[in-house]
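# I'd like to go over a predicted model; first the sequence, then the structure.
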Amino acid sequence: MQTVTHTTTPGWIKKNLPAFGVGNLSNPLTLDRLEEDDALLSQAIIDLHVLHHYPLIHTTGYTMPVVAAADQVTLCDNIVFAVGGVVFNTHDQQRTFVIPDNSTVFLRVGVDPGCGDLVPATCSADGNITPLGRTMACAFTLVTGAETDAEGQGGGASSPTSMRIFKAAKGAAGSVPTVTCYANDGHCVSGTSGQPVTPPTPTYVVTPGQYDRDSVWAAKPMGVAADRYTLLSPSQLLVNVGGFGLYSGTQQALDLSLAATWDTTSDTDYTVAANRAGKDFYVYACYNSGNLKLLVSANATYPTGYTPTTSRKIAGFHCLCLSVGTITGHALSDYLTGDILPASVWDLKHRPASAPEGMVYVDGVDKWVDIYLTSVAGGALVSAYNATCADGASSPAFHWYKFSQWFGAVKKRMLTQTEFVAASLGSNQGTNIAGSADPGTTGGKSDTAGRRMISNVGCEDCCGNLWQWGEETGGVASTSTVKAYDANDSSVAGYHWYNPNRMILGGPWNNGVLCGSRNLSGSNGPLSLASNCGTRGVSGMIGTSI
């Protein structure tokens with residue numbers, strides 16, 4: 001610690017007090033000593049702060065904890081500064097400054113004129129002076145316009161007791177200010193603080209699990225061919241990835257034909273449309289040196305080159321399994337293999353309660369519906385392309401009761417008639433599948449007229465392929481007490497009384513002109529096993545019931 005030696009030069013106190021005469025309590029030497037003591041006390045406090053908070057106030061490599069989010073900058077808790085010989089801190093408070101649109105502002109901090117090098121001591125209730133009970137007052141001020149003072153002069157100081165803390169430049173409304181911070185050089189009284197330091201890595205205040213955006217993800221509306229395989233991000237996106245807040249203030253176009261869109265092309269090159277046929281893909285928010293990087297991946301866990309800590313799955317979509325061809329008035333007319341199905345695009349806030357793979361959103365009923373006829377994978381019912389249809393003759397075999405039970409395990413159920421009609425509109429009407437025989441597998445089929453069997457939202461094989469069990473009751477009830485299970489059931493029992501038949505929808509592979517969105521039959525009991533009777537699932541929006 002620096003010491004102050006005795007001097008015969010009159011100090012501030014001596015110069016500003018009248019001369020003492022004989023009999024006064026203090027003499028000139030006492031006054032000099034008092035000044036020395038005060039100087040030592042002031043220097044001791046400064047030195048103490050410099051020693052213990054040195055990383056905060058004296059290094060050009062340190063970035064002050066400043067958080068920039070849309071429209072504002074926040075100075076974080078308990079930051080220590082020294083200005084004009086006075087050491088102060090933010091007293092465990094966060095201070096948030098709103099930055100005006102299209103402006104450059106400077107945050108300046110000034111020492112209260114009442115402080116000076118020696119902050120006035122306070123008196124306790126009993127009148128005893130407590131020199132360390134001092135208030136180190138300071139004032140924060142946002143200054144707009146250009147900064148004219150030279151750097152290195154108190155941080156652009158207009159006096160040794162004022163310095164700039166940061167400069168924030170902001171564009172249009174909702175954009176994130178670009179922040180340049182300044183570090184105190186620790187000289188305190190010389191006015192040479194405020195050297196610029198490396199701007200902070202953009203970070204944003206987020207809550208655990210936070211994901212916010214200003215609009216939904218969407219397939220680009222078709223204008224030119226490339227639009228069909230381009231995904232548009234929200235214009236503003238804020239997401240917590242591994243505890244870091246990552247922000248994008250610009251809409252990004254993710255073109256599936258470009259390698260830069262993907263996490264990798266070395267295993268399977270998904271820039272090739274044929275390789276995307278009938279597959280689900282995922283969009284990840286990735287932590288990339290403090291910035292948000294959006295990547296598309298076929299991996300359902302995390303993208304190649306990242307980890308669960310440095311990435312987060314936030315969206316996804318399904319690609320068309322086979323070209324639609326030209327169908328007048330059809331929403332997907334001229335869409336090609338590997339294009340994005342617009343209604344399949346989901347994110348964390350717009351998605352089904354079930355797993356989103358192989359599903360499309362049907363706006364009119366506010367539900368998510370399976371693209372494909374139901375199949376089995378991993379012991380569960382799924383919607384997948386080119387899979388074996390689950391029906392009354394498959395292995396395992398399914399009747400209405402069994403479909404209902406298995407759907408209950410994956411947060412789905414069978415469709416009501418209203419939902420089926422809404423999801424199947426745009427499908428072939430009055431025809432059945434080419435060949436008029438059991439298709440065996442899901443998706444990519446055409447009817448006897450050579451027309452693709454696909455609805456406006458992208459549901460495959462709704463009409464003229466397999467009957468599809470519906471959720472609602474059908475015709476006449478059974479007239480006796482009978483088992484509600486059969487030899488096909490191994491883990492459930494029970495009897496039903498006067499149980500009605502169940503509805504089947506759409507029409508099978510050989511019903512020809514009878515097939516269509518309004519075709520139904522109510523004559524099948526819930527234990528009926530038929531090779532021409534399958535189903536598809538529906539799920540409610542996340543956070544809702546079905």
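Everything's here; your move.
# Show me the shaky parts of the stretch 1-150 of the chain.
Within the stretch 1-150 of the chain, the stretches with pLDDT under 70 are 1-66, 76-94, 111-138, 146-150.
# ok, 90 please
Along the stretch 1-150 of the chain, segments meeting pLDDT under 90 span 1-99, 103-150.
# Domain map for this structure?
Listed by automatic domain parsing, the domain ranges of the chain are 57-123+131-196, 206-350, 351-546.
# where among the ones you listed is the average confidence lowest?
Of all the domains of the chain, the minimum mean pLDDT falls on domain 57-123+131-196 (a mean of 60).
# Show me which of the domains of the chain has the highest average neighbour count.
Mean neighbour count (mean count of other CB atoms under 10 Å) peaks for domain 351-546 among the domains of the chain, with a mean of 20. All C-beta atoms are positioned from the backbone trio N, CA, C, and that covers glycine.
# Straight-line length of that domain, end to end?
Domain 351-546 has its terminal residues 13 Å apart, counting by CA to CA, to the nearest Å.
# Run the chain-centre distance for the one helix or strand Thr418 maps to.
For Thr418, the host element (DSSP states H and E) is helix 417-424. Centroid separation for helix 417-424 versus its chain: 32 Å, with CA atoms, centre = their mean, to the nearest Å.
# which stretches of the protein form helices?
Along the chain, the segments classed as helices by DSSP state H run 12-16, 28-57, 400-408, 417-424.
# Now do the helix holding Thr418: which elements does it pack against?
strand 359-362, strand 367-370, strand 467-473, strand 502-505 (3 or more CB pairs under 8 Å, 6 or more residues apart in numbering; DSSP states H and E).
# at 10 Å what do you get?
In terms of contacts (3 or more CB pairs under 10 Å, 6 or more residues apart in numbering; DSSP states H and E), helix 417-424 is packed against strand 359-362, strand 367-370, strand 467-473, strand 502-505, strand 520-524, strand 537-540.
# so can I have a markdown table of those strands showing distance to Gly512?
Converted to a markdown table, the helices and strands packed on helix 417-424 look like this (distance: least, CB to CB, whole Å):
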| stretch | distance to Gly512 |
| --- | --- |
| strand 359-362 | 27 |
| strand 367-370 | 25 |
| strand 467-473 | 14 |
| strand 502-505 | 16 |
| strand 520-524 | 15 |
| strand 537-540 | 27 |
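# of all those strands, which lies closest to Thr207?
strand 537-540 (25.4 Å; CB to CB).
# what about the strands in the stretch 301-450 of the chain?
311-318, 346-347, 359-362, 367-370, 375-377, 380-382, 413-414 (DSSP state E, counting those that start in this stretch).
# Just checking: what are the partner strands of the first one?
Spelled out, that is strand 311-318. Looking at strand 311-318 with DSSP bridges, its partner strands are strand 280-288 (antiparallel), strand 346-347 (antiparallel).
# coming back round to it: can I get the strands of the stretch 301-450 of the chain in a markdown table with distance to Phe140?
Shown next, in a markdown table, are these (distance: least, CB to CB, whole Å):
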| stretch | distance to Phe140 |
| --- | --- |
| strand 311-318 | 35 |
| strand 346-347 | 39 |
| strand 359-362 | 48 |
| strand 367-370 | 50 |
| strand 375-377 | 60 |
| strand 380-382 | 58 |
| strand 413-414 | 58 |
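# Run through the strands of the stretch 101-250 of the chain in chain order.
Listed in chain order, the strands found in the stretch 101-250 of the chain under DSSP E, counting those that start in this stretch are 103-111, 122-123, 129-130, 138-144, 162-170, 178-183, 195-196, 211-213, 218-219, 230-232, 237-241, 244-248.
# State the distance from Cys515 to Ile433.
The gap separating Cys515 from Ile433 is 9 Å, by CB to CB, to the nearest Å.
# hey, what's in contact with both of these two?
Common neighbours of Cys515 and Ile433, counting by CB atoms under 10 Å, 6 or more residues apart in numbering, are 447, 453, 463-465, 508-509.
# got a list of what the nearest residue to Ser257 once chain neighbours are set aside touches?
In space, and not counting its chain neighbours, Ser257 is closest to Thr271: 5.2 Å by CB to CB, 6 or more residues apart in numbering. Shown in contact with Thr271 (CB under 10 Å, 6+ apart): 229, 255-262, 265, 338.
# returning to that earlier point: what's the closest of the strands of the stretch 301-450 of the chain to Arg536?
The closest of the strands of the stretch 301-450 of the chain to Arg536 is strand 367-370. By CB to CB, the value is 4.1 Å.
# mind saving the C-alpha coords of the closest one as PDB?
Below are the C-alpha coordinates for strand 367-370, written out as PDB (Å, rounded to 0.1, in the frame of the first residue of the first chain):
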ATOM      1  CA  LYS A 367     -55.500 -31.300 -35.000                       C
ATOM      2  CA  TRP A 368     -52.500 -33.200 -36.200                       C
ATOM      3  CA  VAL A 369     -53.200 -36.200 -38.400                       C
ATOM      4  CA  ASP A 370     -51.000 -39.100 -39.500                       C
END
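# Just checking: what are the partner strands of it?
Checking strand 367-370 against DSSP bridges gives partners strand 359-362 (antiparallel), strand 537-540 (antiparallel).
# Could you export the ones you listed as CSV, including distance to Pro303?
Listed next are those as CSV, based on distance: least, CB to CB, whole Å:
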stretch, distance to Pro303
strand 359-362, 22
strand 537-540, 26
